[in-house]
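Student: Sequence first, then the predicted structure, then my questions.
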Amino acid sequence: MKQIALSDVKDDLSKYLHLAEHEQIIITRHGKPAGILIGFGSEDDWFEYRLEHDARFLQRIASARRSLREDRGVKLEDGER
């Protein structure tokens with residue numbers, strides 16, 4: 001993970017967006033972390049990011065896992081083929 005000063009990011013945002021496709025970039029202000037720049041190489045990357053950070057989706061996953069632990073669900077491997 002790279003750390004880049006805010007002034008550098010402002011001067012060349014396009015360059016840092018391209019770099020952020022491969023690794024997250026910490027943006028610093030006065031030498032301290034102030035934000036993070038995350039780039040997406042494809043629409044799929046953007047979709048995955050949204051799912052990973054969607055509270056409703058994460059709640060549904062947690063609920064499904066609870067159901068399986070309580071034997072109230074059907075495991076994928078037990079489904080019809």
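Tutor: Perfect, thanks for sending it.
Student: From now on I want contacts and neighbour counts done on CA atoms only, so please keep to that.
Tutor: Noted.
Student: and Val28, how far is that from Leu68?
Tutor: Residue 28: Thr, not Val. 43 Å (C-alpha to C-alpha, to the nearest Å).
Student: When the two are compared, which one has more neighbours?
Tutor: Between Thr28 and Leu68, counted using other C-alpha atoms under 10 Å, Thr28 has the larger neighbour count: 18 against 13.
Student: you'd agree that one is up against Ala5?
Tutor: Yes - counting by C-alpha atoms under 8 Å, Thr28 does reach Ala5; the two are 4.7 Å apart.
Student: Please enumerate the strands of the protein.
Tutor: Using DSSP state E, the strands found in the chain span residues 2-5, 25-29, 32-37.
Student: and these, which is most packed in?
Tutor: Greatest average neighbour count among the strands of the chain goes to strand 25-29 (a mean of 19), per mean count of other C-alpha atoms under 10 Å.
Student: The residue nearest to the spatial centre of the chain and Glu43, how far apart?
Tutor: In the chain, the centroid-proximal residue (C-alpha atoms, centre = their mean) is Tyr49; its distance is 3.8 Å. Counting by C-alpha to C-alpha, the separation of Tyr49 from Glu43 is 10 Å.
Student: Leu37: what's it in contact with?
Tutor: Counting by C-alpha atoms under 8 Å, 6 or more residues apart in numbering, Leu37 touches Leu17, Ala20, Gln24, Ile25, Ile26, Ile27.
Student: Of those residues, just say which sits nearest to Gly73.
Tutor: Checking these against Gly73 by C-alpha to C-alpha gives Gln24 as the nearest, at 37.3 Å.
Student: Do I have it right that that closest one meets Phe40?
Tutor: No - applying C-alpha under 8 Å as the test, Gln24 and Phe40 come out as separate, 10.2 Å apart.
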